[in-house]
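1. give me the fold of what follows.
(4 chains)
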2 protein chains.
Amino acid sequence: MTFGKYIRTAREKRFKEDRAYSVRQVAQRVGVEPSYLSKIERDQVAPPSEAAIGRLARELGEDPDLLLAMAGKVSSDVQDIILRRPQLFAELLRQLKDAPDQAIEEVAREIRDGDW
Amino acid sequence: MTFGKYIRTAREKRFKEDRAYSVRQVAQRVGVEPSYLSKIERDQVAPPSEAAIGRLARELGEDPDLLLAMAGKVSSDVQDIILRRPQLFAELLRQLKDAPDQAIEEVAREIRDGDW
DNA sequence: AATTGTGTGTACTATGTAGTACACATGACA
DNA sequence: TGTCATGTGTACTACATAGTACACACAATT
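-> Have a look, this model is predicted:
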């Protein structure tokens, strides 16, 4: 599933029940030109900027991290976390590369429960 | 410490003991124009591409992850790891944001010792 | 039958990225 | 004293990013 198709599907789903989710109206609320959103949805142009993706996600009730990933981007707040301790986090992530989802969730839970 | 100053310092350190570490020669081995490397070292231009930073790191015996971070970039192999499971890793990293280095190292070690 | 809403095609633009090419000035040195 | 290595200034370029502006065609509405 491409970024564009995903957005189109998500918007059309909402459009079916609420006429306020036309290309034009969504574009206006998101702050881009309708023709641009149209092109985005048909993958005729590259996905928009992180900021625009964030506004789209909010508008359509989708997960920003997922949308960004479909656009091939990592959210800048996550990037900043890595940039502060690049060696540490790079090593950790390479270590976790092939770990099952469950193991990663467990690690996150351990940390959240603050056992340090 | 900026990217440029760091590179200049690292290169000059090697130059003092080995004449092969002049701007010109390093530039040639790294595959960029000498004037470009000169500008990079004086922070007169933005840091080079990830690929060029990688070659510089190898040439000067520096850590690529550290150099990339000074350039404000996260290495693309680490990005790719995140992009495969964006929600999972984004959550984990936000969780680990303020964790002490030691805790992160410990997590990495646990994973490395394969307890999953 | 005229208006409104719908998506889209075409053309254009500003800024950023990642450099190259070449000339120049200075100091070492043989 | 001419040549060589050293770093650097200036000018230019190709491509990517992130869009805008406006016109057009079609369908539904009133």
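2. check which residues of the biggest helix by length in chain A are buried.
-> Identified as the longest helix of chain A according to DSSP state H is helix A:3-17. By neighbour count on 16 or more other CB atoms under 10 Å in any protein chain shown, the buried set for helix A:3-17 is A:3-4, A:6-8, A:10-11, A:14-15. C-beta: built from backbone N, CA, C; applies to glycine.
3. please apply the same query to stretch A:77-88.
-> Neighbour count says stretch A:77-88 has A:78-79, A:81-83, A:85-86, A:88 buried, by 16+ other CB under 10 Å.
4. returning to what we had before: how about the longest helix of chain A and DNA strand C, touching?
-> Yes - contact between helix A:3-17 and DNA strand C, assessed by CB under 7 Å from any atom of the strand, occurs at A:F15.
5. who touches that helix?
-> Outside of helix A:3-17, the residues within contact range by CB atoms under 8 Å, 6 or more residues apart in numbering or on different chains are A:21-23, A:26, A:40-44, A:47, A:56, A:60, A:62, A:67, A:70-71.
6. mind checking which of these land in helices?
-> A:23, A:26, A:40-41, A:56, A:60, A:67, A:70.
7. what about whichever residue of chain A sits closest to DNA strand D, how many residues nearby?
-> Using CB to the nearest atom of the strand, the closest approach of chain A to DNA strand D is made by A:S49 at 2.9 Å. Counted by other CB atoms under 10 Å in any protein chain shown, the residues lying close to A:S49 total 12.
8. show the model's pLDDT score for it.
-> Note on A:S49: pLDDT of 98.
9. check contacts around it.
-> Applying CB under 8 Å, 6+ apart to A:S49 gives no contacts.
10. next one: it from DNA strand C, what distance?
-> 11 Å (CB to the nearest atom of the strand, to the nearest Å).
11. and that residue, what are its phi and psi?
-> phi -70, psi 160 (degrees, to the nearest 10).
12. ok, and which of the buried residues of stretch A:77-88 reach chain B?
-> The overlap between these and the neighbours of chain B (CB under 8 Å from any CB of the partner chain) comes to A:78-79, A:81-83, A:85-86, A:88.
13. all set now, cheers.
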